[in-house]
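Peer 1: One predicted model, sequence on top.
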Amino acid sequence: MSASLPVRHFLITRFNLNYAQTYGDLFRYSDAWMRHRMDLFERFCHPSVLRQTSQNFTWLVYFDRTRTQPYLDRLAPLFDDPRFNAIHINDPAEMLADICSRVGSDMALLTSRLDNDDMLHPDFVARMQACASQKKRNDAPIIIDFPELTWWREGSPRAQRFRSDVVSPFASVLEAPSAEGWAAGPRTVLAGRHDKLETLFGKVENLPEPYSMTILHGNNVSNGQSRFGMVGRMLRVWRDRRSTLSRAETTRVLAEFGLDGKG
């Protein structure tokens, strides 16, 4: 992106939004679900954002206003973090409107998706922004993705690494306004489910580094079942499914992410 058009970077995390009107509510946000996700978020997701070597971004964390009310005391210590922008909304449409309201008319926008139970490599933001800064206005919109993904189940001595054949859950989207401004506004990385983004934006640039980690747990496996029918159907979009890292390599990778192998 040219020097005359600076890039603003939003890291976006959704927590417990109500998608009933959009495509049916995805999950039952029970007390057990919320407690489990808050635990994962506090131990894995939040620390990985704080460890970013570049802090030149804005982290927007969207909570459903009604569903979050019973958990405000538990979340209060997080809300005290100035880098953690907790935004309480009523529906996903309000989230997109809020994002658009934060973008200057003379700035390009880079939006990165981070699920609340996942982790980023400490250099994720710096590497993403370095790629975005090299783009010209007519390159946008473009998806920037790290298709090499690391999966780790807490306590396991060996992680797995896969290459996604579709746009990954850790994708970013770079968009630029026209000379007249944004008009209808940016669509953002949340314009569609990650595996459908290529049909919406067309261009994809894949970066080679494995700069993300999915923490495997019972709930994200069941989510895969609800979205894709069968776990096996979901896993068929991955190549190199036997790519299990050695114990030594797993230890090294976990250390890069700030983990000691036990969480």
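Peer 2: Looks like it came in fine.
Peer 1: Show the residue spans covered by the strands in the protein.
Peer 2: For the chain, applying DSSP state E gives strands covering 7-14, 58-64, 84-89, 108-113, 118-120, 142-145, 148-153, 160-164, 172-175, 204-206, 212-216, 238-239.
Peer 1: Make CSV from these and add distance to Ala97 and mean pLDDT to it.
Peer 2: In this view, the C-beta of every residue, glycine as well, is placed from N, C-alpha and C. Listed next are the strands of the chain as CSV, based on distance: least, Cβ to Cβ, whole Å; pLDDT from 0 to 100:
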stretch, distance to Ala97, mean pLDDT
strand 7-14, 14, 95
strand 58-64, 11, 95
strand 84-89, 9, 93
strand 108-113, 14, 95
strand 118-120, 25, 96
strand 142-145, 22, 96
strand 148-153, 31, 94
strand 160-164, 30, 90
strand 172-175, 16, 96
strand 204-206, 27, 95
strand 212-216, 28, 94
strand 238-239, 35, 45
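Peer 1: right, so of those, which gets closest to Cys100?
Peer 2: Of all the strands of the chain, it is strand 108-113 that lies closest to Cys100, at 9.1 Å by Cβ to Cβ.
Peer 1: quick one, that closest one and strand 58-64 angle?
Peer 2: Interaxial angle, strand 108-113 versus strand 58-64 (axes from the mean of the first three to the mean of the last three Cα atoms, to 10 degrees): 50 degrees.
Peer 1: Can you list the strands that strand 108-113 pairs with?
Peer 2: strand 7-14 (parallel), strand 172-175 (antiparallel) (DSSP bridges).
Peer 1: got the contact list for the longest one?
Peer 2: Residues external to strand 7-14 that are found in contact with it (Cβ atoms under 8 Å, 6 or more residues apart in numbering): 1, 45, 49, 56-62, 92, 95, 99, 102-104, 107-116, 125, 128-129, 132-133, 174, 188-190.
Peer 1: what angle sits between it and strand 84-89?
Peer 2: 60 degrees.
Peer 1: Mind checking which of the contacts of strand 7-14 are buried?
Peer 2: 1, 45, 49, 57, 59-62, 92, 95, 99, 103, 108-116, 125, 128-129, 132, 174, 188-190 (16 or more other Cβ atoms under 10 Å).
Peer 1: what about this structure, any weak spots by pLDDT?
Peer 2: 1-5, 19-28, 219-242, 261-263 (pLDDT under 70).
Peer 1: center of it, which residue is that?
Peer 2: Leu114 (1.7 Å; Cα atoms, centre = their mean).
Peer 1: for the closest residue to that one other than its chain neighbours, which residues make a bridge with it?
Peer 2: Excluding the flanking residues, the one nearest Leu114 by Cβ to Cβ, 6 or more residues apart in numbering is Thr13, at 5.0 Å. Note on Thr13: beta-bridge partners by DSSP bridges are Val61.
Peer 1: from here on, count from 39
Peer 2: Okay, using 39 as the starting number, the last item reads as Thr51.
Peer 1: coming back round to it: now render the strands of the chain as CSV, adding distance to Asp298.
Peer 2: Output for the strands of the chain, formatted as CSV (distance: least, Cβ to Cβ, whole Å):
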stretch, distance to Asp298
strand 45-52, 24
strand 96-102, 25
strand 122-127, 24
strand 146-151, 26
strand 156-158, 14
strand 180-183, 29
strand 186-191, 12
strand 198-202, 19
strand 210-213, 29
strand 242-244, 30
strand 250-254, 14
strand 276-277, 27
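Peer 1: looking at the ones you listed, which is closest to Glu287?
Peer 2: strand 198-202 (8.9 Å).
Peer 1: which parts of that closest one are buried?
Peer 2: 198-200, 202.
Peer 1: Okay, angle between it and strand 186-191 too, please.
Peer 2: For strand 198-202 against strand 186-191, the angle by the same axes, to 10 degrees is 140 degrees.
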